[in-house]
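Q: pasting the sequence and the predicted coordinates here, then a few questions.
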Number of protein chains: 4
Amino acid sequence: MKMEEIKKLLPRVIEHRRELHKIPELGLDLPKTIEYVERHLKDLGLSPKRVGKGITCDIGNPPFVAIRADMDALPMEEKNDLPYKSTHPGKMHACGHDAHTAVLLGLAEYFSKNSPQVGVRLIFQAGEEGYFGAVEMIKAGALENVELILGQHVGNQAEAPEGGIITKKGVFMASADAFDVKFKGKGGHGSAPHEARDPIAPAAQFVTSVYSFRSREINQTHPFVTTITKLVSGTTFNVIPDIAEIAGTVRTISEEDRKKAARRLEEMAKGVAEANDIEFEFVYHWMYRTLVNTDWVVDMLVEVVSKMGIPIVQLDTPIMGGEDFSYYLEKVPGVFFFTNTANLEKGIVQPNHSPYFNIDEEKLWVPMAVFVKMVEEYASKK
Amino acid sequence: MKMEEIKKLLPRVIEHRRELHKIPELGLDLPKTIEYVERHLKDLGLSPKRVGKGITCDIGNPPFVAIRADMDALPMEEKNDLPYKSTHPGKMHACGHDAHTAVLLGLAEYFSKNSPQVGVRLIFQAGEEGYFGAVEMIKAGALENVELILGQHVGNQAEAPEGGIITKKGVFMASADAFDVKFKGKGGHGSAPHEARDPIAPAAQFVTSVYSFRSREINQTHPFVTTITKLVSGTTFNVIPDIAEIAGTVRTISEEDRKKAARRLEEMAKGVAEANDIEFEFVYHWMYRTLVNTDWVVDMLVEVVSKMGIPIVQLDTPIMGGEDFSYYLEKVPGVFFFTNTANLEKGIVQPNHSPYFNIDEEKLWVPMAVFVKMVEEYASKK
Amino acid sequence: MKMEEIKKLLPRVIEHRRELHKIPELGLDLPKTIEYVERHLKDLGLSPKRVGKGITCDIGNPPFVAIRADMDALPMEEKNDLPYKSTHPGKMHACGHDAHTAVLLGLAEYFSKNSPQVGVRLIFQAGEEGYFGAVEMIKAGALENVELILGQHVGNQAEAPEGGIITKKGVFMASADAFDVKFKGKGGHGSAPHEARDPIAPAAQFVTSVYSFRSREINQTHPFVTTITKLVSGTTFNVIPDIAEIAGTVRTISEEDRKKAARRLEEMAKGVAEANDIEFEFVYHWMYRTLVNTDWVVDMLVEVVSKMGIPIVQLDTPIMGGEDFSYYLEKVPGVFFFTNTANLEKGIVQPNHSPYFNIDEEKLWVPMAVFVKMVEEYASKK
Amino acid sequence: MKMEEIKKLLPRVIEHRRELHKIPELGLDLPKTIEYVERHLKDLGLSPKRVGKGITCDIGNPPFVAIRADMDALPMEEKNDLPYKSTHPGKMHACGHDAHTAVLLGLAEYFSKNSPQVGVRLIFQAGEEGYFGAVEMIKAGALENVELILGQHVGNQAEAPEGGIITKKGVFMASADAFDVKFKGKGGHGSAPHEARDPIAPAAQFVTSVYSFRSREINQTHPFVTTITKLVSGTTFNVIPDIAEIAGTVRTISEEDRKKAARRLEEMAKGVAEANDIEFEFVYHWMYRTLVNTDWVVDMLVEVVSKMGIPIVQLDTPIMGGEDFSYYLEKVPGVFFFTNTANLEKGIVQPNHSPYFNIDEEKLWVPMAVFVKMVEEYASKK
């Protein structure tokens, strides 16, 4: 590995990241992002292919080591005041997928100049934020002739030193489901609640029930998260609204707890509706399964990273975030890891999904170097 | 009074109401509505004047009996499927002010052809829904030379038979204040609540506190309403939001209860914030005072209406809705009444402020006739 | 009426009250109290009769004006430090029935010396606090030959000046029902809630639901009270209990609201139980109906009391306490009133049912004088 | 080890357990239990010593292997219908300490006949259920000349097969603190809540807050329990009580989470009190620290137990129950383990602290055999 070359590529990677940061797109439909990635791959003389809703780009011949980046953003307003701030209202790269894509574009440039000793497939994937983009890619053939898969996530993670790597053998990330509840009452004048059927009071009671459930009915030694992330009802001060809309997430590493949550959340919605003499709708969205790293690939990662003098931490407990990278790992061996891109001195500490989320771009050489070294190591061991 | 003429005017009044229903506007800024009213008054050969944010139109000479209509709509989506449905997204005439305005346009036509024996001033007012439009009008001189003021509200009111009139001596309508609360946490990933500061759980607890307060700390024989009409936080299933926004109303006929509510609601917001280790903002909006009808004018109304064979009901307890008509009544004697525009057979029963609100337009001759007759009666008694 | 004699009797009345205060007894079984009353009536040369669970004592011949006192206490620990403090642990005269009984013993003495011009029947009744003692008395014949019934309640009532009288025409006091809820879970170790079924969390949610119901589903202009007066579950810090027991009351003057409360409270218990995956039991106790004073007797009372120079206040809204005196008033005309026995200077202000409840005994001549005068007035008008 | 002799002792051990089960005593004051243990030790010709609030009994010479049993019961009503049911009202051996004591009496008999190759000290300890009985014993010298300490707990534990052993290296059991909250209002009549200050509504809100805290502010991958085990307020249906009393527990293996809970619970009590305009008292009882097994002793236990053909399970996650055995382990090496005394066929499955708790007594030979074998193994390795 030519570390100097990697570091020389860093400004380009940062530029890519900023360009992408300006144009966040959602879900499986990322026209501007796809266009950007494709154009730059072609400029390098490579041959990107549209696969599913994303792009793959092979360098060398099969079999391949695949390296994956996700490209989609989140439906939220950026609150950072940055020169490269989001230009798409209500959309923001608050989870760092812009950086993932930029790192992969950097790797494309590196490998286009330094042929790897084993085939490398770059996978640019859409729809990680709840859209099963990985499943889409696999169906479209992205894993054909792939022997090993690597992926990473940037984030401001206190678990490792700044610029360090975080991973775990076995279950590394939780299953990540979602649910929607609607309490459907009857709108009316704020001064005559008895003539309306207020949906906000039951919505509030449902919040109470959910946190009571987590604290009472789940084994309290189990990693388990349920969060109500959305409660929206009403628009003004004197109108009782018709409907309260609730959304939330369930994260767990136990299939039993997951099933219990799905069943009990619905019962809670039903019970609260009954207690309030109101209608309800409940939908549980079964989403990403747990992400399970391959033990020997984690061992290889630890060895490689340690030799490079980069700090690496193996967690005792899983991270409760979900990742559709899990679906690649169900098909081929591999590893997923986090890169700590925090910089306390620069005030870069906000968690992923915050409207103030940002990363220390100067650290993006770390995942690049780790990926290159892992490819070399795998090639040498074959 | 020429009842036939009034009934002949009904189709025109209905047409006015529908045209206005299509173009709901909010607050104190009603350009299309003002233009519509002004144009039709001029077409009748009258001389409307821009006064404050509204219009007055004098017919005859001072002193005047004033008749007032409010013209503003509500910030909500109409859910009716009607040929004359709102064409302004997010705005709706869900409180019937379109009908109030239409009735006054009908009166303009009537009086332009049948000169009243006493001067009549038509007051078309903006900003009744929380904007102190009445105060604006009074400041701008709308009550100059006015001896008596009349006003009415349409609604589907079970208290009287369909087409009947509802009023009350003394305190007829409650004071109607509003409040806003913001719980300000720290956004983050739905999977790691301990790294964020969730604002939804405290918002839910605040709802609980408010209804507990109404049930525990207010004299349970007092008419008193507090309603949380808005709770908005979050946008999607995996992002903990920064802020939860709450809005609500307080209606009371006791100045002591009103002050207690203002004080205690703020303490509740503070206490809940502290219990959740989160920031808050609280604003109490002191709004309309209680509406107090003049006893002798109520007596006159009861006599006049009864003679016309229209049912009239005097309530024992006040209506908890607020009205800035109260400010006119603090300056001159007068009466405010409701007209029951429900029609069970036609399925017109939804309460005011419902997204399905509608009225039985065929009943709009009732307030017209009552106003004309009240003007005649007052003139005859002078 | 000989006011001097009444005032001379006051020390005796106070002594009676204190003796009775020491020996509070509950419900329909008041052996010591009955013995005390009977003994003192006999000492006056009167002929008390055991009727139902109480005593009647006729002075003169039929027809009678009946005057009723209730005699039972409450199951609570007295917290006053008084020479005549309750000597019965867990029982207290916290509702002033000791004073009612003492006043009637004073009247017995007065009338035994000053024959009334119309027959007087003193009714000493057990079981007012939820035991339908009045119904018991009526069944046993206590109203035979009775033409008019009078009753009063002491209390520290801000509605009238100290020593004044409070009453109201028509509905004066509310219906007063009770309910019990049990949430039945499964006990266990405090450290393993998922192996138990915690009943406390649902009990807390039920409290929330009840106050939400009162604030959302009842017409907010109606006098209506529901209070949860008891929530008992668990004994120590590390054992999850089996059961949470809840008790409460519903007070209303609308039969419709009453039925709605009975139905909805059960639905709330059911809904909360379901939301918590737990069993429940619910019982609604239909208890005292509204107390309705006879208008002409109220008029007579107002006249009599005013002439005596005692302040009297007629309320606009009912008192939400219940009274089984209502059952007498369903059979014969009469009036029930409150005597304000507060004394701000002496610090006697605690409400009825407080463990610190007390009365200004110096004011007990007031109800005595009012009763005597009412008897005279009624006799004179016959 | 003579397994036959151990099994022959089983009926005696069962008899001891039943005799002790009948006479549950609380805390540090166990006169009947102490008398029973002492008498039977003396009957065996041994020389028990009163040490602190308990007993030690040495067999052989120093240095010693200590084996500890706790002897105290819980303040709850037994709901089992057994011939040897608790005869002390409101007290119950619902945590199996009767069995612990019986097992040690069995060991006393075994070792009195089969001299161990190393000194054995039996420690009979009072006050495990929250009274720091272990600290008391240590202060009184119970660990003098002790090189190794062993302890066990019976329970119906699903983690191991019936009759199997459960343990864990390092942190095996949580810290176990307690807290008390009082909300202090003002009593009054159930019909006039605005004149009283109801303490039940805030108590219910506190329950909500606590479970919200556990679900929002603690890292959701950490083992952490907080349970409200007691909420007591009010006695009857028409009296608003003065005070609501709450008790609960906090279990954690993180000193940071523990401190956060102590701080935040108090803030919650304060915030809820403020939101309800009521007084409060809060006390956090810092109790047992985490129990940390010595790794090499766990290894020895696993080897010994496995050789005996008894199933043994090493947990991944700690048990959230607390144990003052932790204090012995802070002084000398040792191990604490659970014995699964469930018997599904006999319906013996209730968790510890249930009013229906029971054990399969036939399995009490297991801990006896394990203790004997551990003593032998340690002696042989010295």
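A: Cool, got the structure.
Q: residues touching stretch A:342-361, excluding its own?
A: Stretch A:342-361 has contacts (CB atoms under 8 Å, 6 or more residues apart in numbering or on different chains) with A:13-14, A:17, A:74, A:76-80, A:82, A:92, A:94-96, A:99, A:154-158, A:162, A:321, A:341, A:362-363, B:186-190, B:192, B:195-196, B:238-240, B:242. Every C-beta, even on glycine, is put in place using the N, C-alpha and C of the backbone.
Q: so how far is it off the chain centroid?
A: 16 Å (CA atoms, centre = their mean, to the nearest Å).
Q: grab the CA positions of it and hand them over as PDB.
A: Provided in PDB are the C-alpha atoms of stretch A:342-361 (Å, rounded to 0.1, in the frame of the first residue of the first chain):
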ATOM      1  CA  ALA A 342     -15.100  13.000  15.700                       C
ATOM      2  CA  ASN A 343     -12.800  15.900  16.500                       C
ATOM      3  CA  LEU A 344     -13.400  17.300  19.900                       C
ATOM      4  CA  GLU A 345     -11.100  20.200  19.300                       C
ATOM      5  CA  LYS A 346     -13.000  21.300  16.200                       C
ATOM      6  CA  GLY A 347     -16.300  20.700  18.100                       C
ATOM      7  CA  ILE A 348     -17.300  17.800  15.800                       C
ATOM      8  CA  VAL A 349     -19.100  15.600  18.200                       C
ATOM      9  CA  GLN A 350     -22.800  15.500  17.200                       C
ATOM     10  CA  PRO A 351     -24.300  12.000  16.800                       C
ATOM     11  CA  ASN A 352     -25.400  10.600  13.400                       C
ATOM     12  CA  HIS A 353     -28.900  11.800  12.500                       C
ATOM     13  CA  SER A 354     -28.500  15.100  14.300                       C
ATOM     14  CA  PRO A 355     -29.400  18.200  12.200                       C
ATOM     15  CA  TYR A 356     -25.900  19.400  13.200                       C
ATOM     16  CA  PHE A 357     -24.100  16.200  12.200                       C
ATOM     17  CA  ASN A 358     -20.700  16.700  10.600                       C
ATOM     18  CA  ILE A 359     -17.400  14.700  10.400                       C
ATOM     19  CA  ASP A 360     -13.800  15.500  10.500                       C
ATOM     20  CA  GLU A 361     -13.000  15.100   6.900                       C
END
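Q: for A:Cys95, give me its contacts.
A: Per CB under 8 Å, 6+ apart, neighbours of A:Cys95: A:Ala73, A:Leu74, A:Glu129, A:Asn352, A:His353, A:Phe357.
Q: and with 6 Å instead?
A: A:Leu74, A:Asn352 (CB atoms under 6 Å, 6 or more residues apart in numbering or on different chains).
Q: could you verify that it is part of a strand?
A: No. With DSSP: H, G, I helix; E, B strand; the rest coil as the criterion, A:Cys95 is assigned coil and is not in a strand.
Q: strands of the stretch 201-350 of chain A, start to end?
A: A:224-233, A:239-240, A:243-252, A:279-288, A:291-293, A:312-314, A:334-340 (DSSP state E, counting those that start in this stretch).
Q: looking at the ones you listed, which is closest to D:Tyr327?
A: For these, the distance to D:Tyr327 is smallest for strand A:224-233, at 31.3 Å, taking CB to CB.
Q: mind putting the strands of the stretch 201-350 of chain A in JSON lines, mean pLDDT, distance to chain D and mean neighbour count included?
A: Listed next are those as JSON lines, based on pLDDT from 0 to 100; distance: least, CB to the nearest CB, whole Å; neighbours: other CB atoms under 10 Å in any protein chain shown:
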{"stretch": "strand A:224-233", "mean pLDDT": "97", "distance to chain D": "4", "mean neighbour count": "26"}
{"stretch": "strand A:239-240", "mean pLDDT": "92", "distance to chain D": "23", "mean neighbour count": "30"}
{"stretch": "strand A:243-252", "mean pLDDT": "96", "distance to chain D": "8", "mean neighbour count": "26"}
{"stretch": "strand A:279-288", "mean pLDDT": "95", "distance to chain D": "17", "mean neighbour count": "17"}
{"stretch": "strand A:291-293", "mean pLDDT": "96", "distance to chain D": "14", "mean neighbour count": "23"}
{"stretch": "strand A:312-314", "mean pLDDT": "95", "distance to chain D": "14", "mean neighbour count": "18"}
{"stretch": "strand A:334-340", "mean pLDDT": "97", "distance to chain D": "15", "mean neighbour count": "26"}
